[in-house]
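Participant: sharing a sequence plus its predicted fold:
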Amino acid sequence: MFVIGNLLMGIAEVLRIVLNMYMWVIIIRALISWVNPDPYNPVVQILQKLTEPVLKPLRNLIPTYRMGIDVTPLIAILIIIFLNKAVVQSLFSLGRSLQ
């Protein structure tokens with residue numbers, strides 16, 4: 001059973017790293033959007049392509065405020081934090097119990 005425990009712990013660690021990296025990509029995109037970036041810049045295009053599949057459905061659910069503030073990056077970050085605490089920690093706990 002220790003092999004399955006180690007496998008679950010490895011999956012949890014990789015998932016934790018991927019979620020943290022994606023959270024930083026969302027933060028960088030939000031910060032860059034404050035300075036009105038060039039939409040033809042390759043870095044801006046990559047950030048947009050990476051984050052738009054998550055942010056677009058959130059924008060459909062949550063309208064922007066009348067002032068034009070987009071809170072969907074904040075909501076996406078909160079969802080990532082929740083996934084880190086709920087899913088990743090559960091996988092770590094299950095993996096430890098199987099060792």
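Facilitator: That came through, no problem. Residues are numbered from 1 along each chain as shown.

Participant: quick one: low-confidence parts of this structure?
Facilitator: The chain contains residues with pLDDT under 70 at 65-67.

Participant: mind running it again at 80?
Facilitator: 1, 63-69 (pLDDT under 80).

Participant: what sits up against stretch 44-57?
Facilitator: The contact list for stretch 44-57 (C-beta atoms under 8 Å, 6 or more residues apart in numbering) reads 22, 25-26, 28-29, 32, 37-39, 72-73, 76. To be clear about C-beta, it is placed using only N, CA and C from the backbone, and glycine gets the same treatment.

Participant: mind listing what's buried along that stretch?
Facilitator: Residues 47-48, 50-51, 54-55 are the ones in stretch 44-57 that count as buried (16 or more other C-beta atoms under 10 Å).

Participant: wait, which of these is closest to Ile4?
Facilitator: Val54 (30.5 Å; C-beta to C-beta).

Participant: so which strand or helix has that closest one?
Facilitator: In the assignment (DSSP states H and E), Val54 maps to helix 42-61.

Participant: which helix of the protein spans the most residues?
Facilitator: For the chain, the helix that runs over the most residues, judged by DSSP state H, is helix 2-33.

Participant: for it, buried residues please.
Facilitator: 8-9, 12, 15-16, 19, 22-23, 26, 29-30.

Participant: with these in mind, which one is nearest to Phe92?
Facilitator: Closest to Phe92, out of all of the buried residues of helix 2-33 and judged by C-beta to C-beta, is Ala12, at 4.7 Å.

Participant: does that closest one really touch Val88, like I thought?
Facilitator: Yes - judged on C-beta atoms under 8 Å, Ala12 makes contact with Val88 at a distance of 5.1 Å.

Participant: tell me who's in contact with the residue lying farthest from the centre of the chain.
Facilitator: Within the chain, the residue lying farthest from the chain centre (C-alpha atoms, centre = their mean) is Met1, at 31.2 Å. Applying C-beta under 8 Å, 6+ apart to Met1 gives the contacts 98-99.

Participant: number of residues surrounding Lys85?
Facilitator: The number of residues packed around Lys85, counting by other C-beta atoms under 10 Å, is 10.
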